[in-house]
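Visitor: With the sequence up front, the predicted model follows.
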Amino acid sequence: MHVFFRYVAILILCCGTVTLKAQTADSLLVVDDIQFDVKEYHIDKDNNDLLINLFAISYSKDPREYKMNTFSTQVVDQKNQSHFFSSIRMGNVLVRFEDKQNYLHYLLEEDKPVDIQVVVKGWKQSTLPTQVKLVFESSMEEGEFLEVSIPLKKP
C-alpha cells in the first residue's frame, strides 16, 4: 500500500512541475499586453513562397487599435538577412507590399485571438527563416513604435 502512495505522490509531483513549466510567463511572448505566438510556417515548394502563420491575443480590457508599420515588419533568415513581405493578412485585412501601404490597422478585442499570415514570395528553399519582426504602435504613447521579434523554430 505504501508503494502505491509513493507512486501516486511521484506522479502528482511530476505532473505539477510539468504544468508549472508550461505556464511560466517567461515562455510567453507578450509585448504591450498582446501575446504573439507561431502557429506554423512552411515553404511552398511549388511556388517558392514562405508562409508564416501567427496569432495575436490582446489582454487589454477594451478593444484597442493595432497599428502595424508594414515596411518595418520583416522576416529574418539564418544568415541574419531581412526580407520584406509580399503580403500580410491580419484577420480579414490584407496588405500587399506592392500597394505601398505604410500601416495595417486592426481592432483587437480582448481575449479573441486573431490570425496573422505573412507571405514572402521567391523564398530560397535552402535558407531557413529564423524570426519575424513585427513593428506596431504602442498603446501607451501615440507615435512610439515597438518591435517584437518572434522566433521561428524548425518545423
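Guide: Yep, that arrived. Everything numeric in this text was worked out from a predicted model, so none of it was measured.
Visitor: quick one: contacts of stretch 91-99?
Guide: Counting contacts by Cβ atoms under 8 Å, 6 or more residues apart in numbering, the residues outside stretch 91-99 that touch it are 70, 84-89, 101, 104-106, 114-115. Quick note: C-beta positions are derived from backbone N, CA and C, even for glycine.
Visitor: quick one: terminal-to-terminal distance for it?
Guide: 18 Å (Cα to Cα, to the nearest Å).
Visitor: And stretch 84-103, by the same measure?
Guide: When the termini of stretch 84-103 are compared using Cα to Cα, they are 14 Å apart.
Visitor: Turn the contacts of stretch 91-99 into TSV, including secondary structure.
Guide: Formatted as TSV, the contacts of stretch 91-99 follow (DSSP: H, G, I helix; E, B strand; the rest coil):
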residue	secondary structure
70	coil
84	strand
85	coil
86	coil
87	strand
88	strand
89	strand
101	coil
104	strand
105	strand
106	strand
114	strand
115	strand
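Visitor: Buried ones among these?
Guide: Buried residues within the contacts of stretch 91-99, counting neighbours by 16 or more other Cβ atoms under 10 Å: 70, 85-89, 104, 106, 114.
Visitor: Thanks again, I'm all set now.
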